[in-house]
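**Q** coords please:
(one chain, ligands or ions: 1)
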Amino acid sequence: MTSSQQRSFIGNSCPLCGAGDLERFLSASDYISGDRFDVVRCLRCGAAITEAHDAAGYYDEGYYGQRKSFVEGAVNSFRVRKLSRMAGSDPRKELLDIGCGNGSFLMAARRDGWDAQGTEIAPSSHIMTGAGAFIRSGDFLRLEFPADRFDGVTLWHSLEHVTDPAGYIRKIGSVLKPGGFVMIEVPDIDSLQAEAFGENWFHLDVPRHLFHFSPESLKRLLEENRFTDISVRPGSFIYCYFGWLQSILNKVSRRKNLLFDLMNGKISAREAYAKHARDMMTTVACVPFAVVFAALFSVLGMCLGRSGVMLVSARKKS
Ligand SMILES: [Zn+2]
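**A** Model (predicted):
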């Protein structure tokens, strides 16, 4: 990768809150390419930003993975339940899922009665059978939607990947009906696991994660765009738990995210033993302890309000 893909925010203002107080935070390497990236942090809103223009060249085929269907099914059923709670007694009407991936969540929402559609930048070959008809391909910012169209908008682990989150929030405000809701789940840079593991934090994922939000940074962004009833809650327990588990293992293994890649089928156990024998043995030896510690710390993080991922929801002012 060329150095032209690095950008520097030092000396510039925070793209989220406009403050000029940005300082160097950490430096981390991409576990796929090995390239190193600096991350800066805004002293006012607490968000951290990867110094990379665009991570388009850093998504390999395996990134989208073959997530095990039982994990995907469990994650989607929790998401649909949260969606129902957010909608309350409102009729289930039009929903937009931005960065919908293979479309499995929007299909689950459709089964729950929503007229759901999605947008996705990733290649269409990753879309699940049957979902293609409801997915518009491309960047949400470049796609046209009528104003005041949707009753709800969801972003499950997609806002941290975009180059202009402030533009996304502005546009979400325009496509939502007055009183409509937005639900955003992203990793929390203020979480216990982010603080404990720094550059080894599983959910840091540079350079694909361009923005690392704090609760404060998202609250500010939503308030500035005339959203109300803003709430920040712990996000997916599965994502939080795996964040602890893989981050603990990243501390003892030189090959980062080995368990994650094994679970996704990106690397086979045979290949892992052949290429990373020592790391594989360390991982296998540490897993029994890591699964217990990960569970304990996940609960602790949630109790302290510092879960690894957060779910931020809000409504457009009527
Ligand atoms: Zn800021």
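**Q** Check which residues of stretch 227-246 are buried.
**A** In terms of neighbour count (16 or more other Cβ atoms under 10 Å), stretch 227-246 has its buried residues at 227, 230, 232, 234-237, 239-246. Where you see a C-beta, it was placed from the backbone N, CA and C, and this is true even at glycine.
**Q** Looking at these, which is nearest Y58?
**A** Ranked by distance to Y58 (Cβ to Cβ), these are led by Q246 at 18.5 Å.
**Q** Please tell me how far that closest one sits from G130.
**A** Distance from Q246 to G130, counting by Cβ to Cβ, to the nearest Å: 31 Å.
**Q** show me the contacts for S236.
**A** Listed by Cβ atoms under 8 Å, 6 or more residues apart in numbering, the contact set of S236 reads V75, F78, R79, E185, V309, L311.
**Q** nope, L106 is what I was after
**A** L95, D97, C100, A116, Q117, G118, A131, F134, I135.
**Q** Assumed the first one was part of a helix.
**A** What that stands for is L95. No. Assessed with DSSP: H, G, I helix; E, B strand; the rest coil, L95 is strand; it does not lie in a helix.
**Q** Just the ones of the buried residues of stretch 227-246 in strands?
**A** Of these, the ones assigned to strands by DSSP state E are F227, I230, V232, P234.
**Q** Can you name the residue of the stretch 201-318 of the chain nearest to the ion?
**A** Relative to the ion, the nearest point of the stretch 201-318 of the chain is S217 (5.9 Å; Cβ to the ion).
**Q** State the next helix or strand along the chain beyond the longest strand seen in the chain.
**A** Secondary structure of the chain per DSSP E: the longest strand is strand 176-187. Past strand 176-187, further along toward the C-terminus, the next helix or strand under DSSP states H and E is helix 192-197.
**Q** Tell me where the stretch 51-200 of the chain has strands.
**A** For the stretch 51-200 of the chain, the strands defined by DSSP state E, counting those that start in this stretch cover 94-98, 115-120, 135-137, 150-156, 176-187.
**Q** Let me have these in a markdown table, extended by mean pLDDT.
**A** Shown next, in a markdown table, are those (pLDDT from 0 to 100):
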| stretch | mean pLDDT |
| --- | --- |
| strand 94-98 | 97 |
| strand 115-120 | 96 |
| strand 135-137 | 94 |
| strand 150-156 | 97 |
| strand 176-187 | 97 |
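**Q** do you know which of the ones you listed lies nearest the ion?
**A** Going by Cβ to the ion, the one of the strands of the stretch 51-200 of the chain nearest the ion is strand 176-187, 15.1 Å.
**Q** Run me through the strand neighbours of that closest one, direction for each.
**A** Applying DSSP bridges to the sheet, strand 176-187 is found paired with strand 150-156 (parallel), strand 309-316 (antiparallel).
**Q** hmm, who's touching the first one?
**A** To tie it back to what came earlier, the one meant is strand 150-156. With Cβ under 8 Å, 6+ apart as the test, strand 150-156 has contacts from 79, 83, 86-87, 90-99, 105, 114, 168, 172, 175-177, 180-186.
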